[in-house]
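**Q** What shape does this take:
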Amino acid sequence: MYRIRPLTFQKDSINLLRIIKILTVCSFFMVFLLTFLRIPVQNEDFWWHLATGKYIVENQSLPENDPFTYTTGALPAERKSIILKGNWLAEVIFYKVYVLWESKGIIILRSLLLLLFLFFVFLNIKKQKTSVLVALILAGGVFLVAKTFPGERPQLFTFFAFSLAYYLLEDYRINRSKKAFLIPILVMLLSNIHPGYIICILLITLYLLGEGARYFFSKDYKESIFKGLLIIWILTVIFSTLNPNGTIMLTDMFSIASGDHIQGIVEFTPTFILYANNFTRINYSYITFLLFSLLSLLYLRKIGIIHMLLLVVFTSISFLALRYQIFYMCVAAPILARIIIKLGDEKVLKNLFKRLHLREGFLNVIAWIVGVFLVFNAIPSFARSDFREETFYSSPKGAADFLSNIEINGNMFNEYGFGGYLIWRLYPEKKVFIDGRGLEPDVYKEYQNVINVNKTQPQSWDDVIKKHNITYIIIPPLFYHGEIYGLVEQLFDSEDWALIYVDHLSLIFLRNNSDNFSLIKRLGIDKRRGLNTIIIQASAQAMQNPRNPYYLISLGKVFFKMGRFDDAEKAFKMAYERDPDNAILMFWMQKVKNKRKNDVEVIQ
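**A** Numbers count the residues shown, from 1 in each chain. Below is the predicted model:
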């Protein structure tokens, strides 16, 4: 009788601890979900995906050629086919969801996909035999990166499929689970959703290479999963070709994923170039993971060749382009969990880890309390969210409303990022010059000539305008990193173009000729009003990007142009605090100084 009580008490304590762990995990994942749900629909590319989904549903076929731009070429191209057909299933899903539930449905779908991505990251970390708290901390680090990748695009399905495939491969490596043979079917579905399925094939290939090295070169290697992985890899490659584009992504991946069309696009830019130039905020969760990844060098043998291959390859590609950062985080988290376990075996840290283990129950209770606090802290702001589309600083809603209500002879020239939303709002009545798909390399070159006001031959910006009979231009005033578009400055200074629309985000210019005389007379606006759009955008973005000097430089340039030299000087001084070695800033600060000197000389 007396022996049973301690055992019963111990069993009850274990059960209570298990319940607390489950509640802790649930509370943190609830925080993740509430955070994702509060993020509005705001991705520029979402709109052309939505328009393509609508086209497919209405026409009951995939587009063979681009229906949305008037500059599209008649000749087919592999990259064009990938963009037009490679996302078809995701685009149909987006359109169907949007028709039924509008932006609310899209936000919920996006949030669930990201939550599932994190869930399998968490399970993969736990599979390394680490504690719930360590798994939550590492999953929280991945979450901090994932919430910066909420774009409503087909890549959301790739994030989820990648983390699931990684989990299944680890389960096969550790437990010999046959569930890994579901991966070919998973990748087949993904190949009809997003061309990013290729990264899942890369993941399987690295497992195959690592296990192959052990199989062929390790004398003590007896039990093998190499043959099973080889079967999974072969089936995955074969099944992945069951999509409208067949083997294009497998055979021409590098040529498709490179070229002039990706120049200047943030997600294709090397991560540390963006950080070094203050174009984006530094993600400290990513940096922390990188620093801890360096510890893997101390545990090369203990970590294993598969995990070392994964860490090296995915760390490298995360340097090459910002878009791969999230895949690195997904791969690194379970490997870092193994490193943390190895650290616990070190003499210096052994006692610390032992003490933490003895206080596991207390630490889990604290974590549960923190999780509950975070949930209740997130609920009020979630309750105020309205599942909206954030078009205020990302999509030209007002300008699209304006253009949908007027008739203009000739063609449109539009800013690259605006193209997707304009397709959704104005097709088929008005077609765009270009959009985020960048389907035609030659058109992209023409776009660069116009946007940067190239005045040299063989094709100047004015030549492109005449070639395509462009009579109106819709554009935001600032590049993504804060500088004023050269075209915007040209249009403000030119009498050949009249300003007919302005709001906080967009400017619309109309060619000043006899055909447009009546429109300009009715809709023409003083160009000085257009300068206020730059002031609004530059001021707002300067506050949101505390390290970026370019918004303040643009603000100072506008003030200088308006004759507000005191305000210009203040803006340049604030920019100087952020980047004292900036050459553009030095030029404009000297210009203000010369202006003041000339004014003093005139007075004297």
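**Q** going forward, measure contacts and count neighbours with C-alpha atoms only.
**A** OK.
**Q** Which helix or strand in the chain has the lowest average pLDDT?
**A** When each helix and strand of the chain is scored by mean pLDDT, DSSP states H and E, helix 347-358 comes last, with a mean of 67.
**Q** Sort out which residues of the helix or strand just after that helix are buried, please.
**A** Downstream of helix 347-358, the next assigned helix or strand under DSSP states H and E is helix 360-384. Buried residues in helix 360-384, counted by 16 or more other CA atoms under 10 Å: 360-361, 364-365, 367-369, 371-372, 374-375, 378, 382.
**Q** same for helix 360-384, what does it pack against?
**A** helix 4-38 (3 or more CA pairs under 8 Å, 6 or more residues apart in numbering; DSSP states H and E).
**Q** Kindly indicate which of the buried residues of helix 360-384 lies nearest I340.
**A** E360 (16.0 Å; CA to CA).
**Q** Please report how far that closest one lies from I14.
**A** 11 Å (CA to CA, to the nearest Å).
**Q** do the same with S218
**A** Applying CA to CA to S218 and I14 gives a distance of 41 Å.
**Q** Y166 now?
**A** Counting by CA to CA - Y166 and I14 are separated by 31 Å.
**Q** the more surrounded of these two?
**A** Y166 (23 against 13; other CA atoms under 10 Å).
**Q** List the residues that contact that one.
**A** By CA atoms under 8 Å, 6 or more residues apart in numbering, the residues touching Y166 are 124, 203, 331.
**Q** OK, contacts around F272?
**A** F319.
**Q** So it belongs to a strand, correct?
**A** No. Secondary structure assignment (DSSP: H, G, I helix; E, B strand; the rest coil) places F272 in helix, not in a strand.
**Q** Most neighbours out of the contacts of Y166, which is it?
**A** Neighbour-wise, the contacts of Y166 (other CA under 10 Å) top out at N124, 27 neighbours.
**Q** Contacts only, for that residue.
**A** Here N124 is in contact with 166-167, 170, 334 (criterion: CA under 8 Å, 6+ apart).
**Q** of those residues, closest to Y324?
**A** Of those, the one sitting nearest to Y324 (CA to CA) turns out to be Y166, at 15.4 Å.
**Q** show me where the stretch 401-550 of the chain has helices.
**A** 419-426, 441-451, 461-467, 486-493, 517-523, 527-544, 550-561 (DSSP state H, counting those that start in this stretch).
**Q** Which among those helices is found nearest to L208?
**A** It's helix 441-451; of those, that one is closest to L208 (CA to CA) at 36.3 Å.
**Q** what's next to that closest one, contact-wise?
**A** With CA under 8 Å, 6+ apart, helix 441-451 has contacts from 71, 259-261, 415, 434, 438, 454, 459-462, 464-465, 485-487.
**Q** Give me the buried positions along it.
**A** Applying 16+ other CA under 10 Å to helix 441-451 flags 443-444, 446-451 as buried.
**Q** Just want the most central residue of the chain.
**A** Central residue of the chain (CA atoms, centre = their mean): F149, 4.4 Å from the mean position.
**Q** Setting the sequence-adjacent residues aside, check what's closest to that residue.
**A** Leaving aside its chain neighbours, F149 sits nearest to I326 (7.8 Å; criterion: CA to CA, 6 or more residues apart in numbering).
**Q** Separate out the buried members of the contacts of helix 441-451.
**A** If we count by 16+ other CA under 10 Å, those have these buried: 71, 261, 415, 434, 438, 454, 461, 464-465, 485-487.
**Q** Any idea how far apart the tips of stretch 145-159 sit?
**A** 12 Å.
**Q** K21 touches I366, doesn't it?
**A** No. Counting by CA atoms under 8 Å, K21 stays clear of I366, with 10.7 Å between them.
**Q** and V312, helix, strand or coil?
**A** helix.
**Q** Which pLDDT value goes with it?
**A** For V312, the pLDDT comes out at 93.
**Q** go on, the one 3 residues further on?
**A** Looking at T315, its pLDDT is 95.
**Q** Take stretch 314-333, keep the C-alpha atoms, and write them as CSV.
**A** Listed next in CSV are the C-alpha coordinates belonging to stretch 314-333 (Å, rounded to 0.1, in the frame of the first residue of the first chain):
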residue,chain,number,x,y,z
PHE,A,314,21.3,25.6,-47.7
THR,A,315,23.6,28.1,-45.9
SER,A,316,25.2,28.9,-49.2
ILE,A,317,22.0,29.4,-51.2
SER,A,318,20.6,31.6,-48.3
PHE,A,319,23.6,33.9,-49.1
LEU,A,320,22.9,33.9,-52.8
ALA,A,321,19.4,35.2,-52.6
LEU,A,322,17.1,36.4,-49.8
ARG,A,323,14.2,34.1,-51.0
TYR,A,324,16.1,31.0,-49.8
GLN,A,325,16.5,32.2,-46.3
ILE,A,326,13.4,30.4,-45.1
PHE,A,327,14.6,27.1,-46.4
TYR,A,328,17.9,27.5,-44.6
MET,A,329,16.0,28.2,-41.3
CYS,A,330,13.9,25.1,-41.8
VAL,A,331,17.0,22.9,-42.5
ALA,A,332,19.2,24.4,-39.8
ALA,A,333,16.7,24.2,-36.9
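**Q** So which bits of that stretch are buried?
**A** 314-315, 317-333.
**Q** can you tell me which of the residues you listed are in helices?
**A** 314-315, 317-320, 325-333 (DSSP state H).
**Q** so which pair among those residues is furthest apart in space?
**A** Taking CA to CA, no two of those sit farther apart than L320 and A333, at 19.6 Å.
**Q** Flag every buried residue along the lengthiest helix in the chain.
**A** In the chain, taking DSSP H as the definition, the longest helix is helix 88-126. Residues of helix 88-126 classed as buried by neighbour count (16+ other CA under 10 Å): 88-98, 102-126.
**Q** And stretch 293-310, by the same measure?
**A** Buried-residue list, stretch 293-310, by 16+ other CA under 10 Å: 293, 296, 303, 305-310.
**Q** Now render those as JSON lines, adding distance to T130.
**A** Listed next are the buried residues of stretch 293-310 as JSON lines, based on distance: CA to CA, whole Å:
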{"residue": "S293", "distance to T130": "17"}
{"residue": "S296", "distance to T130": "17"}
{"residue": "I303", "distance to T130": "14"}
{"residue": "I305", "distance to T130": "20"}
{"residue": "I306", "distance to T130": "19"}
{"residue": "H307", "distance to T130": "16"}
{"residue": "M308", "distance to T130": "19"}
{"residue": "L309", "distance to T130": "21"}
{"residue": "L310", "distance to T130": "19"}
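**Q** Which of those sits closest to V558?
**A** Checking the buried residues of stretch 293-310 one by one against V558 (CA to CA), the nearest turns out to be S293, at 45.3 Å.
**Q** Doesn't that closest one lie inside a strand?
**A** No. According to three-state DSSP, S293 belongs to no strand; its state is helix.
**Q** What helix or strand is the nearest residue to it once chain neighbours are set aside located in?
**A** Closest residue to S293 apart from its sequence neighbours, by CA to CA, 6+ apart: L336 at 6.7 Å. Here L336, judged by DSSP H and E, is contained in helix 325-343.
**Q** Any regions of the stretch 301-450 of the chain where pLDDT drops low?
**A** 346-350, 352-353, 356-357 (pLDDT under 70).
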